[in-house]
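>>> kindly generate the corresponding structure for this input.
(one chain, ligands or ions: 3)
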Amino acid sequence: MPENNKNRADPFAGKALSQKEYTELTRALLSEKYPLGQPLAFVHTYGCQGNVSDSERIKGMLDEMGYGFTENVEEADFVLFNTCAVREHAEDRVFGNVGALKPVKSEKKDMIIALCGCMMQQPHIAEKIKKSYPFVNLVFGTFAISVFPELMYKTLRGGRRVFEITEKNEPVAEGLPVRRDSDFKAWLPIMYGCNNFCTYCIVPYVRGRERSRKLCAVIEEAKEIIAGGAKEITLLGQNVNSYGKGSGDGVGFPELLKMLNALEGDFRLRFMTSHPKDCTKELLDAMASCEKADRHLHLPFQSGNNRVLKAMNRGYTREKYLELISYAREVMPDISITSDIIVGFPGETYEEFLDTLSLIKEVKFTSLFTFIYSPRKGTRAAEMPDPVPYAEKSKWFSELLKAQEEIAAERSKSMLGKTYEVLVEGETKEKNGMLTGRTGGNINIDFPGDAALIGTFVKVKVTQAKNWLLTGEITE
Ligand code: SAH
Ligand code: SF4
Ligand code: F3S
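Ligands and ions are numbered 1, 2, ... in the order given. Predicted coordinates for the structure are as follows:
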C-alpha cells in the first residue's frame, strides 16, 4: 500500500457493508499494494479439529481476497496463527513462535501478523499481546471469524492495530467459503461452543454457549463434500450429542447421523467429541444401524474415580461410563474405543488415580489422549487446592502410559493376520515406498503401495505388529 494511504480517510468509515463487500475492498487494496504478483498467506493452526476447521474457513476468505498460500513463513505477506488455550503448554508454544516472528518481520516490514482463536478470546492474553508484542497487527477471537474480511480491510488500510475479541451471542454464520486442506477427508462442524463447564476446562469461556448449525446447512455442506469426492466426513462439535438443542429443527444427533448416512456415496462418517453424560443408547443404536458410520467411538472419561468426576463436574459416574462401553460393544462388537484422560486434577490422590488405571485396564482402549492437569485462569479448578507436586503427577502419568502401551501392544497382536479396509492417507514420513492408511477403528497401518492410491479405500492384511506399529500388505 503506498505510504499516503495510511492517512487517507476511509471513505467507507461508518457505513454498514457486508462481508462480501469488505472482501472486494480488501481485494482492491491488495492489488494496489502488490501490483507485481499475488500476496502470500501463511496460516498455522494449533489445537483441536474445531480450530482446523475454522482455519479452513479463514483460508477460504483469504482465497477470495486474492491471497495465495505458502508453507514458508519467511516468504509470507500475511501470517496467521490460529491458537489454542486448552493447556498452558499450548499457550507457551504460541508465545514462543510469535516471538520468533519479530526478526522475520524486521526483515520484511510490511508483513502483516495476525493472531486468532481460543487463546486470543481471553482478555488477559489479548492485553499481553497489545503491550508486549507491538509487531502484531491484528488480533481477533473465536466470535469474529465471520467478520474477518472487515478486520482485514481495517488492518490493511494501516495506521492502527486492530483488536476484536468481543463475545457475541449470535447464531452460527453460514455461507463462509471453505478452502479444505484435504480433498478426501473433510471436517464438518455441526455445532460450536460448550455448555458443560467441566471445572478444569477453558473451552466454554473462549467458545461461548452451544450453538447448533441448522439442519439444512449441515446436509447441504455434506452433499457438497461428497460431490467433491471426499471419502471421510468427520462431524465436529465439543459435544456432538447435544446437536440440535435449541436449533428449532427438532432433529437430534442420532437422527442427524441417520440422515447423513442415507446420503448416496462411497464415504465414511466419523464424529467427535461425544460426552458420556449425553451419550445415549439411542445414539449407539443409531451408530450401529448406520453402515457408513465408522466403528470408532471417542468417549473421553477423564477420570475413573467418582469423587474426581464429581469435582470435575462431568455429570456421570464410573459405573455409568462402563455401562455405556458395554452397551456399545454389545451392539457393535468390533467397535474401537478411544478416550481422553487428565492425570493430577487438583486434590486427586494416588489411590484415586489408581481407579483411572484400573478403568483403562478394564476397557482396553485402542488409544488414549493423556494429559497432566494444567490450571486455566478463570476456571473453577484453578481455584482448588492442588497439593500434589508436578513431579509426582508425572510419575503417575508415566505409569498410565506404560499400562496403555501394554494394552496397545496386545491389541496390535490381535490384529495380526486379519484384513481391514483402510483409507489411504499418504506416504509414511520416511517416504520409503510405504503408504499409511487408517482403519474404520482409527488405527494406522503402513504398507507398500503406489502413491496413486492416496485418497482411496484398499484392503490391507496385517503382517507384522510391533507395539502399536502395524505393517501389512494390500490384498485387493
Ligand atoms: N469437549 C471434549 C474435550 C475438549 S478438550 C470433551 O468434553 O470430551 C480435549 C481434552 O483436553 C479434554 O478431553 C481433556 O482431557 C483435556 N483438557 C481440557 N482441559 C484441560 C486442562 N485444564 N488440563 C489438562 N487437560 C485438559
Ligand atoms: Fe471442556 Fe467439558 Fe466442554 Fe469438553 S465438555 S469442551 S471438557 S467443558
Ligand atoms: Fe484448544 Fe479451542 Fe480447541 S482451546 S482444544 S482450540 S476449542
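>>> and the next element down the chain from whichever strand or helix holds Lys310?
Element membership of Lys310, judged by DSSP states H and E, is helix 306-311. Using DSSP H and E, the helix or strand that follows helix 306-311 in sequence is helix 318-331.
>>> and Met1, what pLDDT?
Here, the pLDDT recorded for Met1 equals 39.
>>> so which residue of the chain comes closest to ligand 3?
For the chain, the residue closest to ligand 3 is Gly47, as judged by C-beta to the nearest ligand atom, at 2.7 Å. (Glycine included, C-beta is placed from N, CA and C.)
>>> ramachandran coordinates for the closest residue to that residue other than its chain neighbours?
Computed as C-beta to C-beta, 6 or more residues apart in numbering, the closest residue to Gly47 that is not its neighbour in sequence is Cys84, at 2.7 Å. The phi/psi pair for Cys84 (degrees, to the nearest 10) reads phi -130, psi 140.
>>> wait, Cys84 touches Gln49, no?
No: Cys84 lies out of contact with Gln49 (C-beta atoms under 8 Å); the separation is 11.1 Å.
>>> any weak-confidence spans in the protein?
1-9, 12, 14 (pLDDT under 70).
>>> contacting residues around the residue sitting nearest the centre point of the chain?
Central residue of the chain (C-alpha atoms, centre = their mean): Gln49, 1.5 Å from the mean position. Shown in contact with Gln49 (C-beta atoms under 8 Å, 6 or more residues apart in numbering): Trp187, Thr234, Leu236, Met272.
>>> show me where the stretch 201-350 of the chain has helices.
Ranges of helices within the stretch 201-350 of the chain are 203-207, 215-227, 253-261, 281-289, 306-311, 318-331, 350-363, based on DSSP state H, counting those that start in this stretch.
>>> so for ligand 1, which of those sits nearest?
helix 203-207 (5.8 Å).
>>> give me the residues contacting the closest one.
50, 85-86, 118-119, 121-122, 141-142, 192-197, 238, 378-379.
>>> can you say which of those residues are buried?
Buried residues within those, counting neighbours by 16 or more other C-beta atoms under 10 Å: 50, 85-86, 118-119, 121-122, 141-142, 192-194, 196, 238, 379.
>>> keep only those of these that are in strands.
Applying DSSP state E to the buried ones among the contacts of helix 203-207, the entries found in strands are Tyr192.
>>> restrict the buried ones among the contacts of helix 203-207 to contacts with ligand 1.
Among the buried ones among the contacts of helix 203-207, proximity to ligand 1 is found for Val86, Gln238 (C-beta under 6 Å from any ligand atom).
>>> got the contact list for the host helix or strand of His44?
Using DSSP H and E, His44 sits in strand 40-45. With contacts defined as C-beta under 8 Å, 6+ apart, strand 40-45 is touched by 51-52, 54-55, 58-59, 62, 67-73, 75-82, 97, 117.
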